[in-house]
Structure formats: C-alpha cells, structure tokens
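A.B. asks: sequence isn't available, so here's the structure alone:
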C-alpha cells in the first residue's frame, strides 16, 4: 500500500519542526494542509522541504477534506491523520500501518486520565452517543491520530470544523468498515489550543445530523 501523512496546521510554529522531523524518520510523504497561518508555520515547513497546501475554506475539517483529495490525486491509498500540536507521537504510525489492508480505519485510543476534564467529558458523551446511534464499540472517537483508506472517505465528508473526526468515524461505521483502536500515550500540547468549548456542541450537533437529518 502507498501511505502518506496528513498534517493539518494553524499557527503551529512551536511544534511543526518536531512533527516533521519525527515523521521524516519514518520516511513517509507529508501533506501539510494549512489554515492561512500568520506565524512561521509555513516558513518552517518549507525549510524542511515540505510543500504547504492552503485549505479550501476555514476550519480543521475543511483542511482534512482538501488533504484527502490531494492524497487521492497523488495516488496514496492510505492516509495517517495526526494533529500537529505534539500531543500525538508519530512513533505509532508504523504500528498503525501494520494493520492494513485488513482494517479500514485504525484510531489511536488515548488514556482519558491524560485528557483534561473539560475535553474528557464531551468526548465520552460523543463516543457513547455514536456507539448507541451507529452500533460502534469505540472508546475515543475524537482522537486526532488515525489511519484510514483514502477511498473509504473520499467524497463523503462535509464537516469543516473539529467535528471532522466524529464524521469520519460515523461514515466508517455506516459502511460497516473494520475499525480497530490502538492504545497510545497522549502528551501535553505545544503551543496554544485551537479547540473551544462551543466545539463540543458542534460535534454533538454533527452526530445528530448524521443520524436524523441534514448532513
């Protein structure tokens, strides 16, 4: 299989050099998909020989959708989506890839004790709601580290914000895809957090839309 790494960015100058260095040790191509950063994110990435793409629209989800389209155009059949804030280590990528082609999606399962309470509680609500609505048996649907088959997500996603991981999980469950979770360590982020309390509501709204109405 032909994998690539999708690295969404927005003002990640404190972490992007580390993330690129760690991914390059694994010798995988990187698609940096940026949300018009105003710091040195793009400059640092380019200094390391990485092309930076600007996402179509605003929001993390818009970037992921753009990156999936780029991956498909470049004929990558697997993609590893990883947050660029240093909370997820690229060291898990080889283990994730070893589960393909048998699996359709592999999700990094965080120890919730490592997640701040204000993020942990919404994640539990989101995860259990998805399990009830769509027949899943998952533990961490909002994880920012996951690998997936590009064709399985191509053309299906519409979420433009932090609800993108929830929608990806739901689409996989609707397709009866093989999904596996792997335990990972979750670390303190580098730089400022982009997610806000209201994003928890948007994620829950996405889940209900996927179940009952407008997508």
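C.D. replies: On my side now, so go ahead. Here the structure is a predicted model, which means the values were calculated and not measured.
A.B. asks: residues touching whichever helix in the chain runs longest, excluding its own?
C.D. replies: As assigned by DSSP state H, the longest helix anywhere in the chain is helix 117-134. Here helix 117-134 makes contact (Cβ atoms under 8 Å, 6 or more residues apart in numbering) with 112, 115, 136-142, 166, 169-170, 173-174, 195, 197, 200, 203-204, 207, 210-211. (Glycine included, C-beta is placed from N, CA and C.)
A.B. asks: of the residues you listed, which belong to helices?
C.D. replies: For the contacts of helix 117-134, the ones inside helices are 166, 169, 170, 173, 174, 197, 200, 203, 204, 207, 210, 211, with DSSP H as the criterion.
A.B. asks: what's the farthest-apart pair in those?
C.D. replies: Taking Cβ to Cβ, the two most distant members of these are 174 and 197; they sit 28.2 Å apart.
A.B. asks: the two: which is more packed in?
C.D. replies: Using other Cβ atoms under 10 Å, the more surrounded residue of residue 174 and residue 197 is residue 174, with 12 against 9.
A.B. asks: which residues are in contact with the more buried one?
C.D. replies: So residue 174 contacts 134, 210 (Cβ under 8 Å, 6+ apart).
A.B. asks: and the next helix or strand past the longest helix of the chain?
C.D. replies: strand 145-149 (DSSP states H and E).
A.B. asks: wasn't residue 46 part of a helix?
C.D. replies: Yes. Counting by DSSP: H, G, I helix; E, B strand; the rest coil, residue 46 is part of a helix.
A.B. asks: related to what we said a few turns ago, now the buried members of the contacts of helix 117-134.
C.D. replies: 112, 115, 136, 138-142, 166, 169-170, 173, 195, 200, 203-204, 207, 210 (16 or more other Cβ atoms under 10 Å).
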